[in-house]
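Peer 1: Quick check, what structure comes out for this input:
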Amino acid sequence: MLLQSEPLTPLVYEAVENSTTPTTILDVLMGSLAIVGLIGLIGILLGIALAGSLLFLRKRRGEDQVGPDGGGISLGLNTGGE
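Peer 2: Below is the predicted model of the structure:
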């Protein structure tokens with residue numbers, strides 16, 4: 001009794017590279033400008049929020065008056081030249 005084995009058939013596969021679009025200098029520049037613009041916009045929005053909160057706290061404490069009682073500084077520019 002001889003056991004007959006099936007003939008070996010090789011597995012053949014083909015490696016196909018994924019086709020991607022090439023990155024150009026313009027793509028890099030637009031991406032960097034978008035990031036810089038986003039960081040700038042976030043900075044401006046945070047600055048406005050901080051300034052608004054400081055103005056709100058100053059007004060809430062009653063320190064928003066200019067004059068001798070309010071503690072503000074008057075330059076005296078409209079005193080008539082005296």
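
Peer 1: Please make it C-alpha for all contacts and neighbour counts, starting now.
Peer 2: Fine.

Peer 1: tell me the helices in the protein, going along the chain?
Peer 2: With DSSP state H as the criterion, the chain has helices at 25-61.

Peer 1: can you tell me how far Gly47 sits from Ser53?
Peer 2: Distance from Gly47 to Ser53, counting by C-alpha to C-alpha, to the nearest Å: 10 Å.

Peer 1: same thing with Glu6?
Peer 2: According to C-alpha to C-alpha, Glu6 and Ser53 sit 83 Å apart.

Peer 1: Quick one: low-confidence residue ranges for the chain.
Peer 2: By pLDDT under 70, the low-scoring segments of the chain are 1-3, 63-74, 79-82.

Peer 1: now do 90
Peer 2: 1-22, 55, 57-82 (pLDDT under 90).

Peer 1: Comparing Glu6 and Ser53, which residue is more hemmed in?
Peer 2: Legend: neighbour count by other C-alpha atoms under 10 Å for Glu6 and Ser53, higher for Ser53 (12 against 6).

Peer 1: mind checking how far that one is from Arg60?
Peer 2: From Ser53 to Arg60 the distance is 10 Å (C-alpha to C-alpha).
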